[in-house]
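Student: Make a model of this:
(chains A, B and C)
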Amino acid sequence: MRITDVRAGLDRDAEGAGMYQTVRELYPFCRSITGDGLRQTLRTVQRHIPLEVREVPSGTEVLDWTVPNEWNIRDGYIANSRGERVVDFQRSNLHVVNYSVPVRARMGLAELKSHLHTLPDAPDWVPYRTSYYRETWGFCLSHRQLAALPEDEYEVCIDSTLQPGHLSYGEYYLAGATPDEVLISCHACHPSLANDKLSGITLAMTLAARLRECSLHYSYRFLFIPGTIGSITWLAQNEGRVDRVKHGMVLACVGDRGPFTYKKSRRGTAEIDRAVAHVLRERGEDHRIEEFSPYGYDERQFCSPGFNLPVGCFMRTPHGQYPQYHTSADNLELVSPDALAGSLETCLSVLEVLEGNARYMSQNPKGEPQLGRRGLYRSMGGYAQGGVDELSLLWVLNLSDGDHSILDISIRSGRPFSAIRRAAELLTDHGLLKELPR
Amino acid sequence: MRITDVRAGLDRDAEGAGMYQTVRELYPFCRSITGDGLRQTLRTVQRHIPLEVREVPSGTEVLDWTVPNEWNIRDGYIANSRGERVVDFQRSNLHVVNYSVPVRARMGLAELKSHLHTLPDAPDWVPYRTSYYRETWGFCLSHRQLAALPEDEYEVCIDSTLQPGHLSYGEYYLAGATPDEVLISCHACHPSLANDKLSGITLAMTLAARLRECSLHYSYRFLFIPGTIGSITWLAQNEGRVDRVKHGMVLACVGDRGPFTYKKSRRGTAEIDRAVAHVLRERGEDHRIEEFSPYGYDERQFCSPGFNLPVGCFMRTPHGQYPQYHTSADNLELVSPDALAGSLETCLSVLEVLEGNARYMSQNPKGEPQLGRRGLYRSMGGYAQGGVDELSLLWVLNLSDGDHSILDISIRSGRPFSAIRRAAELLTDHGLLKELPR
Amino acid sequence: MRITDVRAGLDRDAEGAGMYQTVRELYPFCRSITGDGLRQTLRTVQRHIPLEVREVPSGTEVLDWTVPNEWNIRDGYIANSRGERVVDFQRSNLHVVNYSVPVRARMGLAELKSHLHTLPDAPDWVPYRTSYYRETWGFCLSHRQLAALPEDEYEVCIDSTLQPGHLSYGEYYLAGATPDEVLISCHACHPSLANDKLSGITLAMTLAARLRECSLHYSYRFLFIPGTIGSITWLAQNEGRVDRVKHGMVLACVGDRGPFTYKKSRRGTAEIDRAVAHVLRERGEDHRIEEFSPYGYDERQFCSPGFNLPVGCFMRTPHGQYPQYHTSADNLELVSPDALAGSLETCLSVLEVLEGNARYMSQNPKGEPQLGRRGLYRSMGGYAQGGVDELSLLWVLNLSDGDHSILDISIRSGRPFSAIRRAAELLTDHGLLKELPR
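Tutor: Down below sits the predicted model:
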């Protein structure tokens, strides 16, 4: 089976429902850049694809960085003088600043406030805060709750550990016909944030599951890694092998209802950049193509000048451009089954273009070959065998000079990628083209 | 005499009238891709220019194709049971499907209808249909007539022959100072269609006649050939010599009253592409420049990837974009003497650019030369000797570094090609420039 | 001190007042392309900067030209039969056609008129006319005055000399760290025309004075030369050394209140072209960028094909595009202290870009370096030490691959040049970048 068939046979409703269910399942875990919440997430993914989980010891030097101590948390709360938990980690893992050091203390409201984070402009939402590389502790709560906190003596408790351990990440390698790789990467480090991260994990996992059913030209590598330190670690461990990556995408924020946004790789004209732009254009929906910038997700690391990999970032509404970003409102209501399914379908279309984007050499480059005697010509316009239109045949014949790929011909002719590819295959069957090695 | 002088001395009214007379003379002949109607057309052209007529035997292998049997027709009709001809080849050669095999039969209306072609959307017009490579027969008539045909027993007769013979085409070579060639090609295969083909034959013939009066830099080759199989045949017979073609145009649909359309060569930035675009821009009239596509006239063959010649297509309203195309309404009323003369004038301007598009090297490249002491400067603006303006002189001096042709300088400066060329010639006369070998 | 500091510390009011005072001081002198008015001007400039004055003998061959005889004038008038001076050089040096040969004669109005120049469309203004290379004489006056001149016998007197002497020009060389030069050139040849020429002299002089206070990467060469023949002479005398000029600007018409106009060098994409465009864009004011054309000021000579130096022309309203151009209305009211100060500030910004436009190589190109442990990161956005924003740091790190200069990074990121440069310096201080030799 080819990706084309998988995409064409997609049951969008069923896929969307399944993906949404995965997001819902992953939602409660308290993930961070290390620790058991992250491992629990990787184990969930393993139920769908044979993910290998790697454990890298704290203190390992990775490029300019060092793998940090492992963080785990059992409980955390602020209780008032009557012993009532007014802020409680058990209700939402966002309430404790991620990577907070352990604390157990009593203090008045004034002192407590210096450890509290709110969003005055969105007074009902709880913010998401982290402090990975500076040892501190804190709580996050709604601004409305903060305003209502009475003068009191409060008990604060964060029952966490921050100790030498491991950084965990998941890697799944799916071998294709060539060792040339397509890299698909997502962040597995954020706690209860549905669009920003869980949607990406789910999309990567589902893509991997679907691709396992296909015969593939490229090999595919899926990474489920913590942000920044995860990609830094993977790059450090694979420094000599990254030139196998011929195309790649970071997946993030793919579950909300916004239009697609693609941020180009640093190269700007890489095949992945042209392929995604072409697929989004062919879909005919509103979408946005952004130039590369060194801010965002792990494309920052993959596109650092020493690697400069052809890796872009595929999103719906980008980080920071929807108000719920990094708050408790990035929840299960923000993402939708339909949006998840649409993201899956679009990514499959992109991979379909990468897989099918061969170059051909005309075996009959002087003058047009006589299509009529091969049954490839319908004199009054229209379609030849296999639903291939005559104009697509003529475009492929005219541009199959070794310099133009199927994507190039599709862009130049303004005809659908799939029509151009079918025309090339039909002409190859008739001995009029030969596919060139990639 | 130079092309410039021919163009400047053109009597548009007289030229238009003469060209229109040629279209009128050629109109009744029943041309096809082979046969006596084609030969009759070439003989008419021979009355104006010393065309060589080539005869290529049926069955000759030409690239991927084979020269077909020769088709000739004497008569053709549908008669009703009272013996009245209701459809008659003698009234219009469009009535018989071109390349129809001989037939003589009697049949009812139902059976007859399967051989009849009409245009329901243009019920008064007779369509033009061919069946070169599939043996069949048929008649074309107006939809209104078809609707009125009563039930009857009809006699059908097509008195044609389809037998081994020859494919005929005309070639006229006009030698210039260099063996580098400009190729001018037109279709001589269509029957009574005035704009689509007869206008092109007439323009090519008139251009050739005018160029014979000129001293020329390039050599010119004019082809009067049947569509597709004609250019395939010529290319097959001249395969080793086509690299002499430095510029070329296919001429078609140049007699209607629409604005000019130029379809670029496959190269897209060939000198002919830039020259035509510049001439059309300078004329200041509405016009259209189209990118190359592998559909249209014989530029399809000249621009196949194995040849990739710099040949574009010069038209007024392109094929398929005027309603009368390939119908009986593409008649003598559709073309006008003025449109034909305008096409001639514009083509002469294009050839003028090609002929004059030399590169020069400044003999005084450091600082401006002192124009004043050479009488080339008028301090208060205005014109020096020979009607050359100072700004054109300065542009030519500044850009004559060997990298810029007269056309390049004209485009960059926004000044007329003729002004730039005159400036270059004047500066050459004063020893300030030297023309470079092309 | 760096140019940045000079620009930042600029007292615009004081600078504008000082520059305006210089224009006022230079205004009355009767300059021409040779002679004492020119020398007087150069001496005035010498009071501000240690200008070297060069004297080139009449008759010296310079490229295609010859240094003309020296012109000087003491007096000139038209007197009526009552002995009253109706046109008087003592009132305005524009009244005598520049380079008029001596004359002393009596004549009627009709004969006199053939020597009179006016502006019928601006009847109150006196035109500026010259006749450098054709020996003649004449007077300029307002059209209104001409119309009112009664029939009379007039006495005309031009007390001038046109004899072998010298062409004078001023040159000031300011050595920087490298022998690579920035050329700043202005015309010192026009008489009482405030915007067209005096503003340029004043700006060049003030720039030179300010740059003397700076430590400089480039060496700077300031030329105060007569138009055309001056640059031809300088180029002839420095023919073998001009390749030291890496960037340059001709300054003219920089005192009026119009928006800035920059005319690009012939190269079109030289660093100076990109630097000026970027500075004007960053200023956010209305401005215009013009393509090179071989008409205008001395960039015509510097950009002749045999030299092709990267020299553009920096102006406010270009020559010929303001009605007062080359008339008595190009006077002290047309220029303003504020406009002069703005021109100074903008030119300093341009030179700041040239000086600071280094390329750097990241010392940590694989993955991002960990900014946090170096104190270069503020987790919640905002600014690190030295007022450098995090995004500028990330852009510099990402693009410091040896291919991108600070200007390139500023253009691509859309961040201010100064922010990008500060980021690069800060990163260099932390050992994360190394500056490449230019």
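
Student: Would you quantify the distance from A:L309 to C:P179?
Tutor: According to CB to CB, to the nearest Å, A:L309 and C:P179 sit 42 Å apart. Where C-beta positions appear, they are placed from N, C-alpha and C, glycine not excepted.

Student: where does A:Y360 land in three-state SS?
Tutor: strand (DSSP: H, G, I helix; E, B strand; the rest coil).

Student: what do you get for A:I201?
Tutor: Assignment for A:I201 (three-state DSSP): helix.

Student: can you pull the pLDDT of it?
Tutor: With respect to pLDDT, A:I201 scores 98.

Student: likewise the one 5 residues further on?
Tutor: pLDDT recorded at A:T206 is 98.

Student: so what's it up against?
Tutor: A:15, A:18-19, A:22, A:48, A:344 (CB atoms under 8 Å, 6 or more residues apart in numbering or on different chains).

Student: how about CSV for those, with distance to C:E70 and secondary structure added?
Tutor: CSV is the format used below for the contacts of A:T206 (distance: CB to CB, whole Å; DSSP: H, G, I helix; E, B strand; the rest coil):
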residue, distance to C:E70, secondary structure
A:E15, 91, helix
A:G18, 94, helix
A:M19, 89, helix
A:T22, 92, helix
A:H48, 93, coil
A:L344, 85, helix
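
Student: Most neighbours among those, which one?
Tutor: A:M19 (25 neighbours; other CB atoms under 10 Å in any protein chain shown).

Student: What residues of stretch A:70-90 count as buried?
Tutor: A:70-73, A:76-79, A:85-89 (16 or more other CB atoms under 10 Å in any protein chain shown).

Student: returning to what we had before: of the contacts of A:T206, closest to B:L198?
Tutor: The shortest approach to B:L198 among the contacts of A:T206 belongs to A:L344, at 58.1 Å (CB to CB).

Student: Pretty sure the closest one sits against A:M205.
Tutor: No - between A:L344 and A:M205 there is no contact under CB atoms under 8 Å: 10.4 Å.

Student: Counting by contacts, list what the one helix or strand A:G342 maps to packs against.
Tutor: Using DSSP states H and E, A:G342 maps to helix A:337-356. Helices and strands touching helix A:337-356, by 3 or more CB pairs under 8 Å, 6 or more residues apart in numbering or on different chains; DSSP states H and E, are helix A:3-8, helix A:12-26, helix A:199-211, strand A:245-251, helix A:271-283, strand A:311-315, helix A:417-429.

Student: Report pLDDT for whichever residue of chain A sits closest to chain C.
Tutor: Using CB to the nearest CB, the single residue of chain A nearest to chain C is A:G306, 3.1 Å away. Looking at A:G306, its pLDDT reads 97.

Student: residues in contact with A:D408?
Tutor: A:L399.

Student: no wait, A:G165
Tutor: Contacts of A:G165 by CB under 8 Å, 6+ apart are A:34-35, A:57-58, A:69-70, A:72.

Student: Narrow those residues to those that are buried.
Tutor: Buried among the contacts of A:G165 (16+ other CB under 10 Å): A:34-35, A:58, A:69-70, A:72.

Student: now those in a markdown table, with distance to B:A175?
Tutor: Shown next, in a markdown table, are these (distance: CB to CB, whole Å):
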| residue | distance to B:A175 |
| --- | --- |
| A:T34 | 84 |
| A:G35 | 87 |
| A:S58 | 86 |
| A:N69 | 88 |
| A:E70 | 87 |
| A:N72 | 91 |
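
Student: tell me which of these is nearest to chain B?
Tutor: A:T34 (55.7 Å).

Student: Which positions within stretch A:158-165 qualify as buried?
Tutor: For stretch A:158-165, the neighbour count (16+ other CB under 10 Å) marks A:158, A:160, A:162, A:165 as buried.

Student: Same question for stretch A:291-301.
Tutor: For stretch A:291-301, a neighbour-count test (16+ other CB under 10 Å) marks A:292-294, A:296-301 as buried.

Student: do stretch A:172-190 as well
Tutor: Buried residues in stretch A:172-190, counted by 16+ other CB under 10 Å: A:172, A:174, A:176, A:181-190.

Student: For these, name the two members farthest from one another.
Tutor: Greatest spatial distance in the buried residues of stretch A:172-190: A:G176 and A:H190, 30.5 Å, computed using CB to CB.

Student: now for the buried residues of stretch A:70-90, which pair is the farthest apart?
Tutor: A:E70 and A:V86, at 29.2 Å, using CB to CB across the buried residues of stretch A:70-90.

Student: any idea of the mean pLDDT in stretch A:132-143?
Tutor: Taken as a whole, stretch A:132-143 has an average pLDDT of 94.

Student: if I look at A:H115, how far off is chain B?
Tutor: Distance, A:H115 to chain B, using CB to the nearest CB, to the nearest Å: 65 Å.

Student: what does A:A236 give?
Tutor: For A:A236, the distance to chain B - CB to the nearest CB - is 47 Å.

Student: I'd like the distance between that residue and A:V242.
Tutor: Distance from A:A236 to A:V242, by CB to CB: 11 Å.

Student: Can you classify the residue of chain A found nearest chain B by secondary structure?
Tutor: For chain A, the residue closest to chain B is A:P365, as judged by CB to the nearest CB, at 3.1 Å. Classification of A:P365 using three-state DSSP returns coil.

Student: Name the nearest residue to it, sequence neighbours excluded.
Tutor: Leaving aside its sequence neighbours, A:P365 sits nearest to B:G306 (CB to CB, 6 or more residues apart in numbering or on different chains; 3.1 Å).

Student: Can I take it that that neighbour is in a helix?
Tutor: No - using three-state DSSP, the secondary structure at B:G306 is coil, not a helix.

Student: ok, now how distant is it from C:V353?
Tutor: Distance from B:G306 to C:V353, by CB to CB: 51 Å.

Student: Next: A:T4.
Tutor: According to CB to CB, A:T4 and C:V353 sit 52 Å apart.

Student: what about the two, which has more around it?
Tutor: Of the pair A:T4 and C:V353, C:V353 is the one with more neighbours under other CB under 10 Å, namely 26 against 18.

Student: quick revisit: out of the helices and strands packed on helix A:337-356, which gets nearest to A:A110?
Tutor: helix A:12-26 (38.3 Å).

Student: and the angle for the closest one with helix A:337-356?
Tutor: 110 degrees (axes from the mean of the first three to the mean of the last three CA atoms, to 10 degrees).

Student: quick one on the thing from earlier: wouldn't the residue of chain A closest to chain C be in contact with C:E368 here?
Tutor: No - in this structure, A:G306 is not within contact of C:E368 by CB under 8 Å, at 10.3 Å.

Student: So between these two, which is more surrounded?
Tutor: The residue with more neighbours, out of A:G306 and C:E368, is C:E368; 24 against 14, by other CB under 10 Å.
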